[in-house]
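A.B. asks: Got a sequence here, can you build the structure:
(one chain, ligands or ions: 3)
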Amino acid sequence: MADEVAALTMVRDRLPRHVVIVMDGNGRWAQQRALPRTAGHREGAKAVRRVVEACAERGIEVLTLFAFSSENWRRPRPEVEILMNLFVRTLRSEIRRLDAANVRMRFIGDHRAFSPTLQDYMVKAEQRTAHNTGLTLVIAANYGGRWDIVQAAQRIAEDVGAGRLQPGGVTPETFHRYTSLADLPEPDLFIRTGGEQRISNFLLWQLAYTELYFSERLWPDFDAADLDTACAAFASRQRRFGQTSEQVAPGTPVDDA
Ligand code: IPE
Ligand code: IPE
Ligand code: MG
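C.D. replies: Ligands and ions are numbered 1, 2, ... in the order given. Model (predicted):
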């Protein structure tokens, strides 16, 4: 009992400020039930609602969800269209609830490829929730880590060309300011569901020192208990940022092996 309380206290004290999730496995979830892949995407949308609520309840500051990658356009056209319709419908039906829950919404990615209707919903959702002070929910849509780095490089080139920035002034810190999420705490915990152990062009720049956690659970099945398991794994890790154990936690036994 005392051990359990101690473990819970450790998880609460070492909660990730920023969690990012690759929500993978919708298609397989549906296939296992002999349903069309789109049924998996619909069920995945329900998991989004569950996990957003769980993050808000636990006091996680930022949740970034990978909803559609820049490579997902390669899927069969009907699946892409169904995903786009699902975005619009979900945004329309959820925005009131999210706003009431004090959630601040943000979208990252190259949105020019989306329909004007969807772009309009995204802008309106951001504006409506801009002053909320609870969970920041970032949706990555038509997002790619390489795109993010390239768009930063392009804007830096523009600023250098216009004389607003010197080439020698382009340091990792300045570069960071041009990337998506620059104004938010860096991701602490990366979760990928669905069993694959890859980044799939998600936040390449931002994941430099993020703790990686892979779950076999398919995204439509992911729930608050799975989130807690991931947070417990995070709490048990020692983040060293290039330093030694001794430097990070003086006095802890050193493993000489
Ligand atoms: C993730 O689930 C959802 C999106 C990429 C939009 P998948 O559709 O990739 O599911 P699997 O990997 O085929 O099971
Ligand atoms: C990553 O999943 C993208 C999202 C979850 C939105 P994918 O299913 O597209 O990744 P790969 O193709 O298996 O690498
Ligand atoms: Mg997948």
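
A.B. asks: Tell me the residues of the stretch 101-250 of the chain that contact ligand 2?
C.D. replies: Counting by Cβ under 6 Å from any ligand atom, the stretch 101-250 of the chain comes close to ligand 2 at 196, 198, 200. Yep, even glycine has a C-beta here, placed from its N, CA and C like the rest.

A.B. asks: Would you agree the last one is in contact with Asn72?
C.D. replies: Looking back up the chat, that one is Ser200. No. With contacts counted by Cβ atoms under 8 Å, Ser200 stays clear of Asn72, the gap being 9.6 Å.

A.B. asks: Please identify which of the two sits among more neighbours.
C.D. replies: When neighbours are counted by other Cβ atoms under 10 Å, Asn72 comes out ahead of the other of Ser200 and Asn72, with 17 against 14.

A.B. asks: quick one, what contacts that one?
C.D. replies: Residues in contact with Asn72 (Cβ atoms under 8 Å, 6 or more residues apart in numbering) are 80, 83.

A.B. asks: Going by proximity to ligand 1, name the top residue of this protein.
C.D. replies: The minimum distance from the chain to ligand 1, using Cβ to the nearest ligand atom, falls at Gly27 (2.7 Å).

A.B. asks: list the contacts for that residue?
C.D. replies: 37, 40.

A.B. asks: Please apply the same query to Val170.
C.D. replies: So Val170 contacts 156, 160 (Cβ under 8 Å, 6+ apart).

A.B. asks: Show the pLDDT at it.
C.D. replies: pLDDT recorded at Val170 is 98.

A.B. asks: Next one: it relative to Glu57, how far apart?
C.D. replies: 41 Å (Cβ to Cβ, to the nearest Å).

A.B. asks: what helix or strand is Leu35 on?
C.D. replies: Assigned by DSSP states H and E, Leu35 belongs to no helix or strand.

A.B. asks: can you redo the residues of the stretch 101-250 of the chain next to ligand 2 as TSV with secondary structure, distance to Thr90 and pLDDT?
C.D. replies: Below are these laid out as TSV (DSSP: H, G, I helix; E, B strand; the rest coil; distance: Cβ to Cβ, whole Å; pLDDT from 0 to 100):
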residue	secondary structure	distance to Thr90	pLDDT
Glu196	coil	24	98
Arg198	coil	26	98
Ser200	coil	22	98
